[in-house]
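S.K.: Got a predicted model here, sequence first, then my questions.
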Amino acid sequence: MAHYFPMILLHCKEIFFLKINYLSYLSYGLFPLLMFAASSSIFPDMPSMSLYYLSIFITSQLVNGWTSTVVATEIMTGKIGNRLLYPVNYRLQHALFRVASVMTVIPVIAVVIIPLILLGKMPEFASENLPIWFLSIIISIVIQFQISMILGWITTWSERSRNVTMLWFSLLQILSGVMFPLSYFPKAILEALFYTPFPYFFYIPTVILIEGDHHLLLPQLICLGDV
């Protein structure tokens, strides 16, 4: 595994070089971060809402990625031919890039969390939930990566695959718990959502962190097996 580390660092440099893509990537977590700030001031008697949106911010930064866009671009521009000649498996190349993207957002998360801790504004949560949350995050990242690879490969059949990707991200914003807790949905709709991949991106890890319900790992693992 050690010989992959230089490749991960190279991908980190590539991500920082493409500053527009990096900023676009970080902007995905802007809404829950703003909601965290708003809920802290508007609903001071509901600390659970502040913790929810802060957890969604952290989770979305770690789990979200742009693998589908990169794969689609490589196919449309013909660069995939060169990629396939690399001595490293094509899927592994993008997996290493995905690891690099996670590493690049950790400083951003630290910039948000450390001042909250120093100022005593950090919402309280049960620290014993962190190991289960961390495992759930890893599962979510793998689910996101698998689906992103599928979305990217659709370009092989149609150059309009980016429309599919845009539709996917639009649905993800609403149905993954980024905009509001999925528990606000009627029970029947919420149960139906659990048969889709959307809750397993951000909502399930967030609920695990807040409530410590480790039983939610099972449906998340089932979703991972399906993709």
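M.R.: Here it is on my side, so go on. Everything quoted here is computed from the prediction, not taken from an experiment. Numbering: from 1, shown residues only.

S.K.: May I have stretch 184-192 exported as CSV, CA atoms only?
M.R.: Once non-C-alpha atoms are left out, stretch 184-192 reads as follows in CSV (Å, rounded to 0.1, in the frame of the first residue of the first chain):
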residue,chain,number,x,y,z
TYR,A,184,-39.7,15.5,8.2
PHE,A,185,-41.1,13.3,5.4
PRO,A,186,-44.3,11.3,6.0
LYS,A,187,-43.5,7.8,7.3
ALA,A,188,-44.5,6.1,4.0
ILE,A,189,-42.2,8.3,1.9
LEU,A,190,-39.3,7.9,4.4
GLU,A,191,-39.7,4.1,4.3
ALA,A,192,-39.7,4.2,0.4
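
S.K.: How far away from the center of its chain is it?
M.R.: Relative to the chain's own centre, stretch 184-192 is displaced by 22 Å; criterion: Cα atoms, centre = their mean, to the nearest Å.

S.K.: go on, stretch 182-194?
M.R.: With Cα atoms, centre = their mean as the basis, the mean position of stretch 182-194 lies at 21 Å from the chain mean.

S.K.: Just the endpoints, please. Distance across it?
M.R.: Distance between the boundary residues of stretch 182-194 (Cα to Cα, to the nearest Å) amounts to 10 Å.

S.K.: so for it, what's the average pLDDT?
M.R.: With pLDDT averaged residue by residue, stretch 182-194 scores 90.

S.K.: Buried residues of that stretch, list them for me.
M.R.: Judged by neighbour count using 16 or more other Cβ atoms under 10 Å, the buried positions of stretch 182-194 are 182, 193-194. (Each C-beta comes from the backbone N, C-alpha and C, glycine too.)

S.K.: Among those, which lie within helices?
M.R.: Here DSSP state H is the test, and those give Leu193 as lying in helices.

S.K.: okay, the buried residues of stretch 182-194 in TSV with distance to Ile174 next?
M.R.: Listed next are those as TSV, based on distance: Cβ to Cβ, whole Å:
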residue	distance to Ile174
Leu182	10
Leu193	10
Phe194	15
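
S.K.: Tell me the one among the buried residues of stretch 182-194 nearest to Leu175.
M.R.: Of all those, Leu175 sits closest to Leu193, with 6.1 Å by Cβ to Cβ.

S.K.: quick one: low-confidence ranges for the protein?
M.R.: Across the chain, residues meeting the criterion (pLDDT under 70) sit at 1-4, 11, 15-29, 40-47, 78-88, 155-162, 227.

S.K.: Geometric centre of it: which residue is closest?
M.R.: By Cα atoms, centre = their mean, the chain has its centre lying nearest to Val63, at 2.0 Å.
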